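> below is the structure, and that's it, no one-letter string:
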């Protein structure tokens, strides 16, 4: 009925504005139900003394939450699917969901998309205005419409995981991203990219215990004590990846998981198959031709063929300007120059990277590299 439908839309709109500041409540669906009920009562009281409707609305119990008729077995994943509305473009779906439901700040979302905080703020504003002006109906999608929202949902979970993985003080964020990815993989067992995303997360998360020393300093991959890696997570990630690849539809998350598996399955960094990794990045670049993928391919080329092969690739990336504020570009250049013995140039690049690094752990790592020159 109309009394039950439009207050729910208003409740979701309130959530989009309030949750970024106050955080997602422990029971988000109960919050939405209660807010919708209260909104309906308020509006009907102002509009008219319709006793019958007031009794109907007052009888709506906010607790317990009504039995779900959704195919999605998790409240938070259900809200992510709901927020990723196809009336918005995929980027708008992702940024709005990350800001409203995942609790990420505008600045860290901007870093994920390689734009300034101001630019991302403008994009968020436009997305919210479109939601408001177009009266986009936020309803839980039925099962047959879930696939069209999958690209945005996968990207939301991927960036949520990256936010926690990149900030060592937020392990609970990676845990939640993995939990949601696991639910999603179970919900969509025939979607290889869902399996690939979960595999990618597990293969990276397996290295958590070896990523820092007792002082909290970053340890680069090639120097990590691989005995500390979680072999059960690696085995699970490998199994998921193998099952996904057997479907013959290799997508970006499966390819990234394959790259992570190349690192995870060797007992010594010297055994890493860098030519294979470079080839996988080349394949990934064809599917997702982004500057970050191109940078990672350059790193792999530098390991497979030597730093001389990678420096021209970095020069091309620098000309494009998309990575001007991305600290890993000068950090990568510094490492290549260090390996070539060009100490003065390496120092300048490390200093440039130091000025752009977003976390204290990354800044300490760069300072150590500088001191070693």
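Cool, got the structure. Just so it is clear, the structure is predicted and the values come from calculations on it, not from any experiment. Numbering: from 1, shown residues only.
> what is the neighbour count of residue 372?
Neighbour count for residue 372, taken as other C-beta atoms under 10 Å: 8. Just so you know, the C-beta spots here come from the backbone N, C-alpha and C atoms, and that holds for glycine as well.
> residue numbering should commence at 38 henceforth.
Got it, the first residue is 38 from now on, which makes the last one we talked about residue 409.
> if I look at it, how far off is residue 224?
Plainly put, residue 409 is 48 Å away from residue 224 if you go by C-beta to C-beta, to the nearest Å.
> now residue 235
11 Å.
> do residue 329 as well
Distance, residue 329 to residue 224, using C-beta to C-beta: 28 Å.
> so where's the stretch 138-287 of the chain uncertain?
Low-confidence segments of the stretch 138-287 of the chain, defined by pLDDT under 70: none present.
> let me know the helix or strand that the residue most central in space within the chain is in.
For the chain, residue 196 is the residue whose C-alpha lies nearest the centre (C-alpha atoms, centre = their mean; 1.0 Å). Taking DSSP states H and E as the definition, residue 196 sits inside helix 183-203.
> for that helix, which helices and strands make contact with it?
helix 112-120, helix 127-137, helix 143-149, helix 208-224, helix 229-242 (3 or more C-beta pairs under 8 Å, 6 or more residues apart in numbering; DSSP states H and E).
> which residues sit against the next helix or strand after the third one?
Following helix 143-149 in sequence order, the next helix or strand is helix 154-170 (DSSP H and E). Outside of helix 154-170, the residues that reach it under the criterion C-beta atoms under 8 Å, 6 or more residues apart in numbering are 50, 53-54, 122, 124-125, 128-129, 132-133, 136, 143-144, 146-147, 150, 152, 173, 175.
> the inter-axis angle of helix 154-170 versus helix 127-137?
Orientation check (axes from the mean of the first three to the mean of the last three C-alpha atoms, to 10 degrees): helix 154-170 against helix 127-137 gives 100 degrees.
> what angle separates helix 154-170 from helix 112-120?
Using the same axes, to 10 degrees: helix 154-170 against helix 112-120 is 80 degrees.
> what residues of helix 154-170 count as buried?
For helix 154-170, burial by neighbour count (16 or more other C-beta atoms under 10 Å) applies to 157, 158, 160, 161, 164, 165, 167, 168.
> of the residues you listed, just say which sits nearest to residue 205.
In terms of C-beta to C-beta, no member of the buried residues of helix 154-170 lies closer to residue 205 than residue 157, at 23.4 Å.
> what's the spacing between residue 183 and residue 301?
Between residue 183 and residue 301 the computed distance is 30 Å (C-beta to C-beta).
> the more surrounded of these two?
residue 301 (22 against 19).
> thought the more buried one was touching residue 266?
Yes - between residue 301 and residue 266 a contact is recorded at 7.0 Å, counting by C-beta atoms under 8 Å.
> list residues touching both of the two?
Shared contacts of residue 301 and residue 266, defined by C-beta under 8 Å, 6+ apart, are found at 243, 244.
> contacting residues around the closest residue to residue 262 other than its chain neighbours?
Distance criterion C-beta to C-beta, 6 or more residues apart in numbering; nearest residue to residue 262, sequence neighbours excluded, is residue 247 at 5.2 Å. For residue 247, the contacting residues are 256, 261, 262, 263, 265, 266, by C-beta under 8 Å, 6+ apart.
> now with 6 Å?
Listed by C-beta atoms under 6 Å, 6 or more residues apart in numbering, the contact partners of residue 247 are 261, 262, 265, 266.
> which of the helices and strands packed on helix 183-203 sits most buried?
helix 229-242 (a mean of 27; mean count of other C-beta atoms under 10 Å).
> which residues does that helix contact?
Counting by C-beta under 6 Å, 6+ apart, 191, 198, 215, 218-219, 221-222, 225, 270, 273-274, 277-278, 281, 284, 286, 288, 290-291, 293-294, 297-298, 301 sit against helix 229-242.
> going by neighbour count, which of those are buried?
191, 198, 215, 218-219, 221-222, 225, 270, 273-274, 277-278, 281, 288, 290-291, 293-294, 297-298, 301.
> per the annotation, how does the chain divide into domains?
39-95, 226-309 (automatic domain parsing).
> work out the gap between the last one and the centre of the chain.
Computed by C-alpha atoms, centre = their mean, to the nearest Å, the chain-centroid distance of domain 226-309 equals 16 Å.
> distance between the ends of that domain?
Its first and final residues considered, domain 226-309 spans 31 Å by C-alpha to C-alpha, to the nearest Å.
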